[in-house]
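# Show me the folded form of this:
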Amino acid sequence: MREFDYNKLKNIKWDNEILRLVAQIREYKGKQTLFLKQRPAALEKLVEIAKIQSTESSNKIEGIVTTATRIKQLCVKSATPRNRDEEEISGYRDALALVHESYEYIPIKTSYILQLHQVLYRYSGRDIGGRFKNTQNYIAETREDGKQFVRFTPLDPFETPMAIDRICESFNRETDNCEIEPLILIPAFIIDFLCIHPFNDGNGRMSRLLTTLLLYRAGYAVGKYVSLESKIEKTKASYYEALEKSDIDWNSGENDVTPFIKYILGIVLAAYRDLEDRVSIMESGALAVDLVRNAVNGKIGKFTKSDVIECIPSIGKTSVENALKTLLKEGVIERVGNGKATFYFRKN
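This is a model prediction of the structure:
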């Protein structure tokens, strides 16, 4: 059985990039506390959008999709699932809601992880929810010639329950000791969870739920207002690259967690920066067209109407559409494509 002891993390000399990321995130954490005290109404408007984006993106990473309209209907519980994908989307919605609303009362223990997985599959006819894997699973890749190969072999099913017990015990012990930076401890836990790959299905989505849960419990609640899952989905290639680098020699306990730590810290920092930008735009008191103008000025390269709406949840879809038309007439932006393929870019 592979050993798990996060105490060894305190002896690692982290490079300047990690130290800088940690320092910046801590600074933004302080700003978020100030936002919560001074602008609670503005932040609350971001919560529902983040829930929808997180539910959509985390499932999309795994190839579980439905239409944008159905996602919104499922997330506000105004519709019932029509197929397997929508069943799993609804399960993620409920599991994420638990994390959002009850994170203080969800300890990092095997039994709670199993319960969260059970919620993930509560609408599914499959009987895998809340149960560890009963067959070996492999992490496979497809070569350019179309042939698959096994890139990583997780722990065997018989080793899995004890391994999850051990990572939880070690994580809780080091959290209580307060000797290791939580922003380093959390990604280290998540990479072990993914390498154990404890479930027949749902490991990736569970890892993202646990990431949000652990960040919340450590006081980093940015994921409540800006979807971390959406940022991971948009940088999916980098996500898998960091995973691949950090699971090399994992089975022998010689893997380097640094690439995955850097990736997760980058995601968290990007979310905090977006939060600051969005709150600033929302609180400016400007007219709708000026709010959209400010949001557009902050965009580099291509952007969609949905990207703008995401930045300014305080105004409605129609107001955003009208403002974009005004900016088109003014020559501030240009439109390319039609229908769902439409995107805009800022003109010089």
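# make it CA atoms for all contacts and neighbour counts henceforth
OK.
# By residue count, what's the longest helix in the protein?
Across the chain, the longest stretch assigned as helix under DSSP state H is helix 258-282.
# Give me the phi and psi for R346.
For R346, the backbone dihedrals (degrees, to the nearest 10) come out as phi -80, psi 130.
# Would you mind confirming that it makes contact with G301?
Yes. Using Cα atoms under 8 Å, R346 is in contact with G301, at 7.3 Å.
# Count the neighbours of the residue lying closest to R143 once chain neighbours are set aside for me.
Leaving aside its sequence neighbours, R143 sits nearest to F149 (Cα to Cα, 6 or more residues apart in numbering; 7.5 Å). Neighbour count for F149, taken as other Cα atoms under 10 Å: 12.
# From the chain's centroid, how far away is whichever helix or strand F149 is part of?
Applying DSSP states H and E as the criterion places F149 in strand 148-152. The chain centroid and the centroid of strand 148-152 are separated by 25 Å under Cα atoms, centre = their mean, to the nearest Å.
# What strands line up against it, and which way round?
Partners of strand 148-152 in the sheet, by DSSP bridges, are strand 139-142 (antiparallel).
# Surely E334 is in a strand?
Yes. Counting by DSSP: H, G, I helix; E, B strand; the rest coil, E334 falls inside a strand.
# quick revisit: what about R346 and G301, which has more around it?
With neighbours defined as other Cα under 10 Å, R346 and G301 compare such that R346 has more, 19 against 9.
# Need the nearest residue in space to the more buried one, chain neighbours excluded.
Excluding the flanking residues, the one nearest R346 by Cα to Cα, 6+ apart is I333, at 4.4 Å.
# Distance-wise, check that neighbour relative to I167.
According to Cα to Cα, to the nearest Å, I333 stands 51 Å off from I167.
# got it, and A341?
Distance of A341 to I167, given as Cα to Cα: 45 Å.
# got it, and L228?
The gap separating L228 from I167 is 23 Å, by Cα to Cα.
# shaky segments in the stretch 201-348 of the chain?
The model of the stretch 201-348 of the chain has pLDDT under 70 over residues 282-285.
# which stretches of it form strands?
Assigned by DSSP state E, counting those that start in this stretch, the strands in the stretch 201-348 of the chain fall at 333-336, 343-346.
# for these, which one ends up most surrounded?
Among those, strand 343-346 has the highest mean neighbour count (mean count of other Cα atoms under 10 Å), at a mean of 18.
# Now the strand holding F149: buried residues?
For strand 148-152, the neighbour count (16 or more other Cα atoms under 10 Å) marks F152 as buried.
# next structured bit after it?
Tracing the chain past strand 148-152, the next element assigned as helix or strand by DSSP H and E is helix 160-177.
# and the helix or strand that that next one is followed by, what does it pack onto?
Heading C-terminal from helix 160-177, the first helix or strand you meet, by DSSP H and E, is helix 182-196. Applying 3 or more Cα pairs under 8 Å, 6 or more residues apart in numbering; DSSP states H and E, one finds that helix 182-196 contacts helix 160-177, helix 203-217, helix 258-282.
# for the closest residue to T304 other than its chain neighbours, what are its contacts?
Excluding the flanking residues, the one nearest T304 by Cα to Cα, 6+ apart is F343, at 4.7 Å. Under the criterion of Cα atoms under 8 Å, 6 or more residues apart in numbering, the neighbours of F343 are 302-305, 335-337.
# circling back to that earlier point, roughly how far does the residue nearest to R143 sit from E101?
Going from F149 to E101 by Cα to Cα gives 41 Å.
# R335 reaches Y344, doesn't it?
Yes. Using Cα under 8 Å, R335 and Y344 qualify as a contacting pair, with a distance of 4.5 Å.
# Dump stretch 81-96 to CSV, restricted to CA.
Written as CSV, here are the backbone C-alpha positions of stretch 81-96 (Å, rounded to 0.1, in the frame of the first residue of the first chain):
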residue,chain,number,x,y,z
PRO,A,81,-34.0,15.3,-16.4
ARG,A,82,-34.8,13.8,-19.8
ASN,A,83,-31.7,11.6,-20.3
ARG,A,84,-28.6,10.2,-18.6
ASP,A,85,-26.6,13.4,-19.2
GLU,A,86,-29.3,15.5,-17.6
GLU,A,87,-29.5,13.1,-14.7
GLU,A,88,-25.8,13.6,-14.0
ILE,A,89,-26.0,17.3,-14.5
SER,A,90,-28.9,17.5,-11.9
GLY,A,91,-26.8,15.4,-9.5
TYR,A,92,-23.9,17.8,-9.8
ARG,A,93,-26.2,20.7,-9.2
ASP,A,94,-27.4,19.2,-5.9
ALA,A,95,-23.9,18.2,-4.8
LEU,A,96,-22.6,21.7,-5.6
